[in-house]
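Chemist: Predicted coordinates and the sequence they were generated for:
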Amino acid sequence: MKVIIIMFGMLLVIALLVFYLLYLVIKSIPKSARYIEIAGYAILVISLIWTGIVNTTEDISKGSEYINLNEKLNQLWYFNGDLRDFAQDKNADDLANDYFERSKYWQVNYLNGQSVHEQEGIAKKINYALFGLSSLFVLAGRLEDLINKKPTSQPTSRSTNQDRFKRRVRRYRKRTNLNRINKVKKRNKG
């Protein structure tokens with residue numbers, strides 16, 4: 001557990017250093033923020049494509065495990081047959097030779113499976129690194145916008161609602177003004 005915590009701490013320090021370097025670049029050249037953000041999105045697209053490669057290596061690894069398991073089961077069945085032959089012939093030399101021959105296949109299958117698992121592990125680590133870098137680049141690119149953005153003084157929704165209410169009241173009073181209504185009545189009578 002301590003190793004994982006130490007590795008996480010090291011990765012965090014490296015990520016913060018990269019982020020700080022990107023921040024310094026953006027601070028010295030403000031227009032570079034957009035390019036850094038675009039680079040982050042490009043790395044994100046690459047990492048999404050790389051995820052397909054990771055999935056392919058996982059499928060190959062699983063297929064390799066199934067093939068390895070099948071070969072080992074075949075070797076066990078062959079050895080079981082050799083034991084049956086030994087029970088009939090009582091020839092220990094033949095049984096020992098078959099055992100050594102079968103154990104060679106056992107080790108070869110194990111070594112072939114290990115290289116596939118190593119490839120899968122490397123592909124996953126590259127995938128994690130790409131996602132982390134893309135996140136850092138996009139974050140650094142957006143940080144410049146957040147730092148330089150000036151807060152705008154917009155009226156609150158409450159004052160807008162009050163203004164709307166006042167306009168409605170004025171229109172209502174204009175429509176229901178008694179003097180105006182009386183003038184209209186006099187005009188219609190006369």
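Modeler: Noted; the coordinates are in hand.
Chemist: hang on, isn't I38 packed against R142?
Modeler: No - between I38 and R142 there is no contact under C-beta atoms under 8 Å: 11.6 Å. C-betas here are computed from N, CA, C, even on glycine.
Chemist: overlap in contacts of the two?
Modeler: Residues touching both I38 and R142 (C-beta atoms under 8 Å, 6 or more residues apart in numbering): none.
Chemist: Give me the neighbour count for V116.
Modeler: By other C-beta atoms under 10 Å, the residues close to V116 number 19.
Chemist: Just give the closest residue to it, not the sequence neighbours.
Modeler: Setting aside the residues directly before and after it, V116 is nearest to S64 in space (C-beta to C-beta, 6 or more residues apart in numbering), at 4.5 Å.
Chemist: Just list the residues touching the residue nearest the centre of the chain, thanks.
Modeler: In the chain, the residue lying closest to the centroid (C-alpha atoms, centre = their mean) is F131, at 5.9 Å. With contacts defined as C-beta under 8 Å, 6+ apart, F131 is in contact with L44, S47.
Chemist: rerun that using 6 Å as the cut-off
Modeler: Contacts for F131 (C-beta atoms under 6 Å, 6 or more residues apart in numbering) come out as S47.
Chemist: pretty sure the residue nearest to V116 is touching H117, no?
Modeler: No - look at S64 against H117 with C-beta atoms under 6 Å: they stay out of range, at 8.1 Å.
Chemist: Which one's more surrounded, those two?
Modeler: More crowded of S64 and H117, by other C-beta under 10 Å: S64, with 19 against 13.
Chemist: if I look at that one, how far off is Q114?
Modeler: 10 Å (C-beta to C-beta, to the nearest Å).
Chemist: Also P30?
Modeler: From P30 to Q114 the distance is 50 Å (C-beta to C-beta).
Chemist: List the buried residues of stretch 79-92.
Modeler: When burial is assessed from 16 or more other C-beta atoms under 10 Å, stretch 79-92 yields the following buried residues: F79, D82.
Chemist: How about stretch 5-17?
Modeler: Within stretch 5-17, no residue is scored as buried using 16+ other C-beta under 10 Å.
Chemist: Please compute how far that stretch lies from its chain's middle.
Modeler: Relative to the centre of its chain, stretch 5-17 is centred 18 Å away, using C-alpha atoms, centre = their mean, to the nearest Å.
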